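Peer 1: Below: sequence and its predicted model.
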Amino acid sequence: MSFERQQAQALRILEGIEEGTMSAADSFALVEEADPALIYLIFTWLRRRYADHPNADAVIGRLVAVVDRDPKINRMMKEGQADPVVAWFEEEHSYTALRSREFIELIVDKLEG
């Protein structure tokens, strides 16, 4: 998959959950094909970004609907959490400091690099 396509897929996952533009089933179909580190980072970005946000219930509710769809997602999250890219990101960056597009560009670039 090309770099641009991976960025677009990752952004689609994030924005689909964030904005509610995709069903849990559609989101799940994209999530299960993605890199576990990417999924861990996207889901953590959403949780941190919306922790004290007025739209937290809606966004976190959609996130939970995707995660609860299949136990495979929890396994992916655990696998992704152990990835060195996650450690790098959490040491060098803040989840709440980056907007969605710049976050996705940074992560996909690092995963592909």
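Peer 2: Structure received.
Peer 1: who does the helix or strand where Val59 lies touch, helix- and strand-wise?
Peer 2: Assessed by DSSP states H and E, Val59 sits inside helix 56-67. In terms of contacts (3 or more C-beta pairs under 8 Å, 6 or more residues apart in numbering; DSSP states H and E), helix 56-67 is packed against helix 3-19, helix 24-31, helix 36-49, helix 71-81. In short, each C-beta sits where N, CA and C put it, glycine included.
Peer 1: So what angle separates the directions of it and helix 3-19?
Peer 2: 120 degrees (axes from the mean of the first three to the mean of the last three C-alpha atoms, to 10 degrees).
Peer 1: quick one: contacts of helix 56-67?
Peer 2: 17-18, 20, 24, 27-28, 31, 43, 46-47, 50, 53, 73-74, 77 (C-beta atoms under 8 Å, 6 or more residues apart in numbering).
Peer 1: If you drop the residues flanking it in sequence, what lies closest to the residue nearest the centre of the chain?
Peer 2: In the chain, the centroid-proximal residue (C-alpha atoms, centre = their mean) is Ile42; its distance is 1.8 Å. Nearest in space to Ile42, with sequence neighbours left out and distances taken as C-beta to C-beta, 6 or more residues apart in numbering, is Leu14 at 5.1 Å.
Peer 1: what's the neighbour count on the one you found?
Peer 2: Neighbour count of Leu14, defined by other C-beta atoms under 10 Å: 23.
Peer 1: and it, how far is that from Pro71?
Peer 2: 22 Å (C-beta to C-beta, to the nearest Å).
Peer 1: now Asp26
Peer 2: Taking C-beta to C-beta, one finds Asp26 at 19 Å from Pro71.
Peer 1: Phe103 too?
Peer 2: Distance from Phe103 to Pro71, by C-beta to C-beta: 27 Å.
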